[in-house]
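Trainee: Build me a model from this:
(chains A and B)
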Amino acid sequence: MNRADLRTRVDNVHPMSPNSTYYKLSAALEAFVDSLPHQLEFSSNTLQVHFSTRSSSSYAVLHVTLFLARITLERRCLPDFPFMSPRALGPMDPPGQQLSPEEDRFYSESAERYMLASRDLVILMSSLEEWNSQIESPFIISAIERAARSGLYAYSFPWMDTRGFMTGVSRTPEAEPMGTGEETRKAIEFINSLKQRWIYAKESFTKCVEMQVCLSERIEKFIQQDRNGGVLQEKISKILPNQDERSRLFGMLMPPTPKPSAAVVVSHGRGPSSEVDILLSAASGATQEPVVAAGTERWMAVNTPAVSVQQQPAGPKSEEGGSLDALAGFAAQQGKIGNGKDEYGSRDVKMGDASVKKEEGQKEEGTRWIGPGISTTNWAVGVNASGC
Amino acid sequence: MLTLTARHVAPLIAHHAPALPTSIAVSEFYASALKYRLKNDDEGSLLTPALDKVQALLMLSVHEWGQMRKSDAYMWLGFAIRMSGIMGLSWVDADDARTPAPYSPEPEPEEPLPYKRRKLDNGNAVKAATAFTVEKEVRRRTFWAVFILDRAVSSGRYFPSMVSSIDANRVQLPSDERGFMFGADIKTGFLNSESLLHPERNCEPQQVGGGERILAHVVKAMEIWGQIQIWTEMLVPKLPATYEPR
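Mentor: Numbering: from 1, shown residues only, chains lettered A, B, ... in the order given. Predicted coordinates:
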């Protein structure tokens, strides 16, 4: 199978089939992980050694890539909204027909691999942070975001995380949970901590908020409209042991109370990313912070410190004014080099990998990205129940 | 370098305040300077290939990606890919590869000498051999950086991958840091994409040379990730729910 093949093929074969691309890619990934020399296997001991030999960055990139690959693969075997499934039973909710024992086991193990990879990715990032050896790049942020999404999924549908990798609650009798339940919050906190250095992280955080809003709304709608909604509510309410952690997590991602009008961010000139603006503002001492239009507020979590918009006086010209002038002149001559906007328009807002398309600029209240007919409310999974 | 690193350097951020009030703005400023330099190079135009230009383009591409300008990132990466193609970076390990490297002293024609003999010839041959080895490894690493970013940024439909596995299979995998620093000529094996993606065929044993070779494994992991990314973005919305053996 070469790359051209992959582009033209769609995988309409059951993932258990050796003919499916899923199966082949999963086998390749597993064989590669198994072939790693023991110095490169993922374990806390190995990681400690790599810290001491200053090779932790490469080691971390290796395993982040492998975890990301596993998360992405297995996500395809899970439904977006498993309201009916009692546990992981494949990508349809509920499964169209009775699953064979082999299929049942296959999907259970797939979900476990999904949760396990997400947990391990967060553990790895936590260890790097403890040793003050964090690595940062858009690729790493995207991987952490995937892990965070896994956690939000697990917290919203905890019956899909049977062994408690991400929720910290095992649903297997007399079995200890395989995670602490804090992994998701840590992943969100990582992303949050990177926001001041990477716009990518800001966007990732926003996507997590949007995902959580969507999940909450869909669950609420299901409970309200479906005759089996009571069963779903009962399912959710059973997760008492981690109610605190869940409330904390969802509180982090709580969007502001919906306002009558959509948030409007007015920026200087052609946007904060325009090189011309940056160069000119650098030369003139003007601030780069976008100005928030009066009467509106920016989309952020409730726990985000409020940013006061300071009108900074025009400062003296920078010492490098001469070269800046040249740069600014060049940039002005060239026109806008990068407009901060993806030319390809629509943007994926994903529940894992199953996408719901969101058009840029589509910011209508209530139907932010979840499709028509679903109203925005303040209801969030577990939040009302805990009184938050 | 500052395009990527300035955001982490507090004194630099303080230096630019208040004109550039955030670390992102500081990095953005250096990115603008880099673009200016790329387009107004004293020695040539943006389209004149050079190894350092490829490296700069890669860093710029990462920055643009981090700024949520993926199409810009993809375009700059495209420049880097084309330049690496013109410079023959994927042929660096071919028997008829171009030599000598542009920034190195003339290499000795014979194979690099073993370590224990190096002190016996006044160091001249050793220096040349080491420079040659290092230069070759720099070229390899530049190619692999292009490859890794291509696999990371590319996805199914609108950002197709532009570095073929066939090209990548020709290049020796990057050596470990220690070997690189000492200029040791180490055989690390090749990507061998076919056997990596089809382990069941067992067509050729996976070889990464001796030792742990983390970077070589990172390259392989990125190849697998690239395939998975393409698969997931090209896929129909749902996999079949029930299994019908074929």
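
Trainee: biggest helix in the chain by residues?
Mentor: You didn't say which chain, so I picked chain A. Secondary structure of chain A per DSSP state H: the longest helix is helix A:101-130.

Trainee: wrong one, chain B
Mentor: Max-length helix for chain B by DSSP H is helix B:124-153.

Trainee: Work out the gap between that helix and the centre of the chain.
Mentor: Chain-centre distance of helix B:124-153: 9 Å, with C-alpha atoms, centre = their mean, to the nearest Å.

Trainee: circling back: can you confirm whether the longest helix of chain A lies near chain B?
Mentor: Yes. Helix A:101-130 is in contact with chain B by C-beta under 8 Å from any C-beta of the partner chain, via A:102-103, A:106. Using the backbone N, CA and C atoms, a C-beta is placed for each residue, glycine as well.

Trainee: Helices along the stretch 1-150 of chain A, start to end?
Mentor: Under the criterion DSSP state H, counting those that start in this stretch, the stretch 1-150 of chain A contains helices at A:3-8, A:21-35, A:44-52, A:56-75, A:101-130, A:138-156.

Trainee: will you turn those helices into a markdown table that also has mean neighbour count?
Mentor: What follows is the helices of the stretch 1-150 of chain A, written out as a markdown table (neighbours: other C-beta atoms under 10 Å in any protein chain shown):
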| stretch | mean neighbour count |
| --- | --- |
| helix A:3-8 | 14 |
| helix A:21-35 | 19 |
| helix A:44-52 | 15 |
| helix A:56-75 | 24 |
| helix A:101-130 | 20 |
| helix A:138-156 | 26 |
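
Trainee: Any chance of CSV for those helices, columns mean pLDDT?
Mentor: Listed next are the helices of the stretch 1-150 of chain A as CSV, based on pLDDT from 0 to 100:
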stretch, mean pLDDT
helix A:3-8, 39
helix A:21-35, 95
helix A:44-52, 91
helix A:56-75, 96
helix A:101-130, 95
helix A:138-156, 96
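
Trainee: Columns distance to residue A:236 on top of those, output as a markdown table?
Mentor: What follows is the helices of the stretch 1-150 of chain A, written out as a markdown table (distance: least, C-beta to C-beta, whole Å):
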| stretch | distance to residue A:236 |
| --- | --- |
| helix A:3-8 | 39 |
| helix A:21-35 | 30 |
| helix A:44-52 | 33 |
| helix A:56-75 | 21 |
| helix A:101-130 | 18 |
| helix A:138-156 | 8 |
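
Trainee: Out of those helices, which is closest to residue B:172?
Mentor: Shortest distance between residue B:172 and those, using C-beta to C-beta, is found for helix A:56-75: 17.2 Å.

Trainee: what are the C-alpha coordinates of the closest one, in PDB please?
Mentor: C-alpha atoms of helix A:56-75 as PDB (Å, rounded to 0.1, in the frame of the first residue of the first chain):
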ATOM      1  CA  SER A  56      14.100  13.000  26.900                       C
ATOM      2  CA  SER A  57      12.900  15.400  24.100                       C
ATOM      3  CA  SER A  58      13.400  12.900  21.300                       C
ATOM      4  CA  TYR A  59      12.100  10.100  23.500                       C
ATOM      5  CA  ALA A  60       9.000  12.100  24.200                       C
ATOM      6  CA  VAL A  61       8.400  13.000  20.600                       C
ATOM      7  CA  LEU A  62       8.700   9.400  19.700                       C
ATOM      8  CA  HIS A  63       6.000   8.300  22.200                       C
ATOM      9  CA  VAL A  64       3.700  11.300  21.700                       C
ATOM     10  CA  THR A  65       3.600  10.300  18.000                       C
ATOM     11  CA  LEU A  66       2.900   6.700  18.800                       C
ATOM     12  CA  PHE A  67       0.200   7.600  21.400                       C
ATOM     13  CA  LEU A  68      -1.400  10.100  18.900                       C
ATOM     14  CA  ALA A  69      -1.400   7.400  16.200                       C
ATOM     15  CA  ARG A  70      -3.100   5.000  18.500                       C
ATOM     16  CA  ILE A  71      -5.700   7.500  19.700                       C
ATOM     17  CA  THR A  72      -6.500   8.500  16.200                       C
ATOM     18  CA  LEU A  73      -6.800   4.900  15.000                       C
ATOM     19  CA  GLU A  74      -9.100   3.700  17.800                       C
ATOM     20  CA  ARG A  75     -11.300   6.800  17.800                       C
END
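
Trainee: Next, the angle from that helix to helix B:124-153.
Mentor: When axes from the mean of the first three to the mean of the last three C-alpha atoms, to 10 degrees is applied, the directions of helix A:56-75 and helix B:124-153 differ by 30 degrees.

Trainee: do you know how far residue B:55 is from chain A?
Mentor: Separation of residue B:55 from chain A (C-beta to the nearest C-beta, to the nearest Å): 16 Å.

Trainee: so that residue sits in a helix?
Mentor: Yes. Assessed by DSSP: H, G, I helix; E, B strand; the rest coil, residue B:55 belongs to a helix.

Trainee: Spatially nearest residue to it (excluding sequence neighbours)?
Mentor: residue B:142 (6.0 Å; C-beta to C-beta, 6 or more residues apart in numbering or on different chains).

Trainee: what sits against the one you found?
Mentor: Residue B:142 makes contacts with B:51, B:54-55, B:58, B:84, B:89, as judged by C-beta atoms under 8 Å, 6 or more residues apart in numbering or on different chains.

Trainee: Make a markdown table out of those residues and add pLDDT, distance to residue A:120 and neighbour count.
Mentor: Listed next are the contacts of residue B:142 as a markdown table, based on pLDDT from 0 to 100; distance: C-beta to C-beta, whole Å; neighbours: other C-beta atoms under 10 Å in any protein chain shown:
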| residue | pLDDT | distance to residue A:120 | neighbour count |
| --- | --- | --- | --- |
| B:51 | 93 | 37 | 18 |
| B:54 | 95 | 34 | 23 |
| B:55 | 95 | 32 | 17 |
| B:58 | 96 | 29 | 24 |
| B:84 | 96 | 34 | 24 |
| B:89 | 95 | 34 | 26 |
